[in-house]
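Q: have a look at this fold, sequence not included:
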């Protein structure tokens, strides 16, 4: 066969493979590129093979062929192409494997090669990936904003419409993370409109949609996130891009957990984790989410097992910060308030103070842990930080979290009227945005406050609603807590006859069980100072003093039928 015929056949084969790839027939495209490479290895064919392997979930194959393509580009002195391959490798390492350090190396190599071609549009991708790494892995939103601003400025200078859209999407995402929701969502909305209008190349539109969904989920804008997550999932599945579909499923599972649609969340996470080894980044996120689901279900040991799995390689690097926050919540539910406070403090120390969104969960945990420990001034300061973040973010779900958390401090300080109003306002907001699990927990706290205020009928209504909600959700811990509150209400008559409030009756029964004040505080999720105040009131009412006061109080409770 003449060289001319062989060259023509080579061109036809390349054209066929590229066409299959453009039509998103990824399995056929992979086979076509493998046939090309069997004849002759070229960087172009390797890059095409990588583009086909990635949506087919062959991540290790994607990395291997991209590394070979990069070496060929470097050997040929093709700086722009080498930089592009380095960016692609950084993207895979970040979004699929969670290897931030490896990605950092590839980004540095891309930056090096782009110095030889300073006008190359690939630098938009370089700066955008640098922004993503800074905010997702380094928890440095200020650096992320600097990178994203450079990406957009470069795209605008080039006059490249698609790159400009992507630059706006990344900058909008970073702005949202910094609490600048109006400009951030403005940029994301514009980018999304461009994606809907078909102004972006294939799969780039999914990048924009995923950034929007992630921003919505992180600021607890669940109505918006719900609509977009389903759209991204449908589009990604239709495009055959399982990487995008897996990410969308993970985000969707998060909002299902918040909304109390736990069987759906369970099934969605199971699907993501079916290929944990192939996509460790999204698998690690799914493990942390399943730990959150187990905690809400009251299955604390199972939640810790999920986190232990997420802390192993190759998952740990992708979620090391998120694990701290999730473990803090679990330790608080286990009654280990000091451990919870220490973990929340560690997380907050690792996250930039300007990263408002990332700090909300840990601040909630820190306030509650400090209240249980009786460190009310420290709890108040953390609650003030949370109040400020909620005011800046301005969304109902975050405002509700701040109100419910502030109520814990008010209750511990004995300002029960403030606690009641704060919890009522929180419940109104939580109901309005459909966060049934948090609304159930807030109703239990409200019922306890109403009992302390001497309003048993109102307390019963709140406790009944919480009990029904917890039973429907399958939330064991909340169901047990609501049951305890209802038991206190049923004991109102005996409590009044003995001269004790319902809370005092509950505490004297725990004293009779041999619990110390500190253990009672943990059991009832009260501060030690609050428990001490109740115990002092009990002693005063029964005339108990001195070292034998606890014994006298228990004996009195037995005489009047409280035990």
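A: Cool, got the structure. The shown structure was predicted, so the numbers you read here are calculated from the model rather than taken from an experiment.

Q: from here on, contacts and neighbour counts on C-alpha atoms
A: OK.

Q: now residue 170. Nearest residue, chain neighbours left out?
A: Among residues not flanking residue 170 along the chain, residue 148 sits closest, at 6.0 Å (C-alpha to C-alpha, 6 or more residues apart in numbering).

Q: thinking residue 286 is in contact with residue 271, fair?
A: No: contact criterion C-alpha atoms under 8 Å: residue 286 and residue 271 do not qualify, at 9.7 Å.

Q: for residue 335, which non-adjacent residue is closest in space?
A: That would be residue 522: by C-alpha to C-alpha, 6+ apart, it lies 5.3 Å from residue 335.

Q: so which helix or strand of the protein has the lowest pLDDT on average?
A: helix 492-497 (a mean of 45; mean pLDDT, DSSP states H and E).

Q: quick one: which of residue 286 and residue 271 has more around it?
A: More neighbours surround residue 286 than the other of residue 286 and residue 271, with 28 against 16 (other C-alpha atoms under 10 Å).

Q: does the more buried one sit in a helix or strand, and which one?
A: Element membership for residue 286 (DSSP states H and E) is helix 280-297.

Q: just residue 112 next, same as before
A: Here residue 112, judged by DSSP H and E, is contained in helix 100-114.

Q: okay, buried residues for that helix please.
A: 100, 103-104, 106-111, 113-114 (16 or more other C-alpha atoms under 10 Å).

Q: least confident pick among those residues?
A: In terms of pLDDT, the lowest of these is residue 100, showing 88.

Q: surely it meets residue 94?
A: Yes: counting by C-alpha under 8 Å, residue 100 touches residue 94, with 5.8 Å between them.

Q: shared neighbours, the two?
A: Residues touching both residue 100 and residue 94 by C-alpha atoms under 8 Å, 6 or more residues apart in numbering: residue 133.

Q: excluding its backbone neighbours, what's nearest the residue most central in space within the chain?
A: When C-alpha atoms, centre = their mean is applied to the chain, the residue found nearest the centroid is residue 218 (6.3 Å). Leaving out its chain neighbours, the residue that sits closest to residue 218 by C-alpha to C-alpha, 6+ apart is residue 357, at 6.7 Å.

Q: any idea which element that neighbour lies in?
A: Per DSSP H and E: residue 357 is located in helix 356-372.

Q: check residue 209 too.
A: Using DSSP H and E, residue 209 falls in helix 204-218.

Q: same deal with residue 142?
A: Once you assign secondary structure using DSSP H and E, residue 142 falls within helix 141-158.

Q: now that helix: buried residues?
A: 141-156.

Q: that older thread, immediately after the helix holding residue 112, which helix or strand?
A: Per DSSP H and E, the first helix or strand lying C-terminal to helix 100-114 is helix 122-136.

Q: which elements pack onto that next one?
A: Contacts defined by 3 or more C-alpha pairs under 8 Å, 6 or more residues apart in numbering; DSSP states H and E place helix 122-136 against helix 79-92, helix 100-114, helix 141-158, helix 161-177.

Q: repeat that with 10 Å
A: Packed against helix 122-136 by the contact rule (3 or more C-alpha pairs under 10 Å, 6 or more residues apart in numbering; DSSP states H and E) you find helix 79-92, helix 100-114, helix 141-158, helix 161-177, helix 316-333.

Q: can you tell me the average pLDDT over the shortest one?
A: Taken as a whole, helix 79-92 has an average pLDDT of 96.

Q: helices or strands next to that helix in the packing?
A: Using 3+ C-alpha pairs under 10 Å, 6+ apart, helix 79-92 sits against helix 43-53, helix 59-75, helix 100-114, helix 122-136.

Q: what do you get for the fourth one?
A: Contacts of helix 161-177 with other secondary structure elements, assessed using 3+ C-alpha pairs under 10 Å, 6+ apart, are made with helix 122-136, helix 141-158, helix 181-196, helix 204-218, helix 356-372.

Q: tabulate those in CSV, adding columns for mean pLDDT and distance to residue 245.
A: Putting the helices and strands packed on helix 161-177 into CSV (pLDDT from 0 to 100; distance: least, C-alpha to C-alpha, whole Å) gives the following:
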stretch, mean pLDDT, distance to residue 245
helix 122-136, 90, 19
helix 141-158, 90, 25
helix 181-196, 90, 17
helix 204-218, 83, 9
helix 356-372, 92, 24
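
Q: now the helix holding residue 112 and helix 122-136, what's the angle there?
A: If you take axes from the mean of the first three to the mean of the last three C-alpha atoms, to 10 degrees, helix 100-114 sits at 160 degrees to helix 122-136.

Q: residues contacting helix 100-114, please?
A: In this structure, residues lying in contact with helix 100-114 by C-alpha atoms under 10 Å, 6 or more residues apart in numbering are 74, 77-95, 97, 118, 120-123, 126-127, 129-130, 133-134, 136-138, 317-318.

Q: can I have the buried ones of the residues you listed as a ChimeraX selection?
A: A single ChimeraX command suffices to select whichever of those are buried according to 16+ other C-alpha under 10 Å:
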select :79,80,81,82,83,84,85,86,87,88,89,90,91,92,93,94,95,97,120,121,122,123,126,127,129,130,133,134,136,137,138,317,318
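
Q: my read is that the residue nearest to the centre of the chain contacts residue 178, right?
A: No: under the criterion of C-alpha atoms under 10 Å, residue 218 makes no contact with residue 178, lying 11.2 Å away.

Q: got any residues that touch both of those two?
A: Residues touching both residue 218 and residue 178 (C-alpha under 10 Å, 6+ apart) are 357-358.

Q: quick one: residues contacting residue 80.
A: Each residue near residue 80 by C-alpha under 10 Å, 6+ apart is listed here: 73-74, 86, 110, 113-123.

Q: for residue 292, give me its contacts.
A: With C-alpha under 10 Å, 6+ apart, residue 292 has these contacts: 254, 257-258, 286, 298-300, 303-304, 306-307, 326-327, 329-330.

Q: relative to residue 286, how far out is it?
A: 10 Å (C-alpha to C-alpha, to the nearest Å).

Q: identify the contacts common to these two.
A: 254, 306.

Q: what's the closest of the contacts of residue 292 to residue 395?
A: Residue 395 lies nearest to residue 258 out of the contacts of residue 292, by C-alpha to C-alpha, at 15.0 Å.

Q: next secondary structure after the one helix or strand residue 417 maps to?
A: Residue 417 is located in helix 416-432, with elements delineated by DSSP H and E. Next in sequence after helix 416-432, counting helices and strands by DSSP H and E, comes helix 436-452.
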